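S.K.: just need the structure, nothing else, for what follows:
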Amino acid sequence: MRASISGDSGRGPGNGVIEIFDAGSVSDPGFTLLRASDGKCLGPRGWQESETLLTPDAWDNDGGSLRLAVGPAVVDEVDNLDAYRISLRGVGSCALAVKSLVYSHIAGGHGMGAATQAAPQPAPVATEPEPIVESPEPPLAFEEPQQPAPQLEDPLEMNTQQPEKSGGKGMLVVLLVLALAAAGAAVWWFLLREPEKAPLPTPPAQTQNADKPQNSDPAQPKPADAPKQGADAAKPALTPLASAREQLRGQALPDVSLAMAKPLRKAEATPEETDAAFLLLEDAAQKGDAESMYLVGQFYDPASTLPRGSIPADLTQAKRWYDQAVQKGQPLAKAALDKLKEYARGLEAKGDAEARSLLQNWQ
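M.R.: Below is the predicted model:
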């Protein structure tokens with residue numbers, strides 16, 4: 001038996017359809033829904049500790065699959081970042097695969113991607129152009145008549161008109177002043193001026209260590225060894241389950257999810273590590289990774305000794321994932337499938353009806 005939930009486009013956001021295959025004939029389709037991350041069951045008021053029987057809004061059964069119509073009370077409470085298990089009363093239980101859903105609160109209740117009409121923009125009000133006021137040109141200043149420039153008398157003519165006043169005494173005074181100035185300059189240059197000092201050479205050790213840090217003691221911690229401060233120091237490390245959900249919110253490449261999950265598949269793994277590994281492996285397996293299919297089958301395999309966290313053992317689910325891994329060419333899946341068949345025969349000998357039905361249809 002396998003089951004999945006997907007959105008119901010006919011009824012709009014917040015509505016979905018749970019489709020259960022190989023359920024057989026059902027007269028009362030009551031069901032319970034278990035969340036793997038915390039082991040809580042879905043009830044009328046959300047997730048709770050006690051188990052509550054839920055009833056669909058409508059249902060039909062064509063013999064091959066059972067279809068249950070559910071509303072926001074179920075759709076808004078599930079997402080593809082957790083694992084769920086559905087139990088059908090009187091029939092059995094299996095994992096519930098979450099497909100594309102449209103929640104009731106998305107886009108204001110109109111559904112994801114619903115076209116919204118843009119509010120009409122008000123028509124622009126025509127405004128008359130403001131008149132351009134041209135500033136008047138400033139009046140021309142009154143131009144005064146140019147007065148003729150006064151004519152200067154020729155200095156040569158003036159000198160010729162004035163009597164000569166220069167004499168031998170003036171020339172002698174000028175020569176004496178020049179001689180004294182030259183003598184003073186010579187005395188200052190040779191006797192009073194201090195000679196220029198040559199620049200001091202730079203010490204070799206100073207030039208070699210100019211680019212080195214002041215703290216050269218190897219015992220002292222380097223800046224890189226100092227503890228981180230600020231936002232990096234205050235940011236807490238993610239738990240395994242939070243890391244898995246962060247991976248699945250992104251592109252979630254199968255090989256990356258497989259590499260994150262394999263270190264968590266160990267005998268001493270905690271329940272949180274085991275559930276985180278299941279989320280990563282199930283996503284990678286649904287995307288076609290053969291090794292992830294084989295490892296997901298181990299979670300459901302009752303003969304496996306590895307921890308399974310909140311995932312209950314299920315013969316049918318284990319066989320389904322092992323079969324897909326064998327078809328993909330996974331070498332370890334064939335041996336695990338043969339071992340599962342022997343385990344089912346042991347249960348059949350003890351009167352287990354599920355094991356008997358599984359062996360009758362074993363291929």
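
S.K.: going by C-alpha atoms from here, please, whenever you check contacts or count neighbours.
M.R.: Noted.

S.K.: how long is stretch 299-318 end to end?
M.R.: 8 Å (C-alpha to C-alpha, to the nearest Å).

S.K.: flag the shaky bits of this structure, pLDDT-wise.
M.R.: 63-64, 106-168, 192-235 (pLDDT under 70).

S.K.: packing partners of the strand or helix carrying Glu246?
M.R.: Taking DSSP states H and E as the criterion, Glu246 maps to helix 240-249. Judged by 3 or more C-alpha pairs under 8 Å, 6 or more residues apart in numbering; DSSP states H and E, the packing partners of helix 240-249 are helix 271-286.

S.K.: run through who's touching the helix it packs on.
M.R.: For helix 271-286, contacts defined as C-alpha atoms under 8 Å, 6 or more residues apart in numbering pick out 36-37, 81-83, 240-242, 244-245, 248, 252-255, 257-258, 260-262, 264-265, 291-293, 295-296, 299, 307-311.

S.K.: can I get that helix as CSV, trimmed to CA atoms?
M.R.: Extracted C-alpha coordinates of helix 271-286, given in CSV (Å, rounded to 0.1, in the frame of the first residue of the first chain):
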residue,chain,number,x,y,z
PRO,A,271,16.8,9.8,16.6
GLU,A,272,17.2,13.4,15.3
GLU,A,273,20.2,12.4,13.2
THR,A,274,18.2,9.3,11.8
ASP,A,275,15.2,11.4,10.9
ALA,A,276,17.4,14.0,9.2
ALA,A,277,19.1,11.3,7.2
PHE,A,278,15.7,9.9,6.1
LEU,A,279,14.5,13.3,4.9
LEU,A,280,17.6,13.8,2.8
LEU,A,281,17.6,10.2,1.4
GLU,A,282,13.9,10.1,0.6
ASP,A,283,14.2,13.3,-1.4
ALA,A,284,17.3,12.0,-3.3
ALA,A,285,15.6,8.6,-3.9
GLN,A,286,12.5,10.3,-5.4
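
S.K.: give the buried residues for it.
M.R.: Neighbour counts using 16 or more other C-alpha atoms under 10 Å place 271-285 of helix 271-286 among the buried residues.

S.K.: could you let me know which of those ends up closest to Asn361?
M.R.: Ala285 (23.7 Å; C-alpha to C-alpha).

S.K.: filter the contacts of helix 271-286 down to the buried ones.
M.R.: Buried among the contacts of helix 271-286 by 16+ other C-alpha under 10 Å: 36-37, 81-83, 240-241, 244-245, 248, 252, 254, 257-258, 260-261, 264-265, 291-293, 295-296, 299, 307-311.
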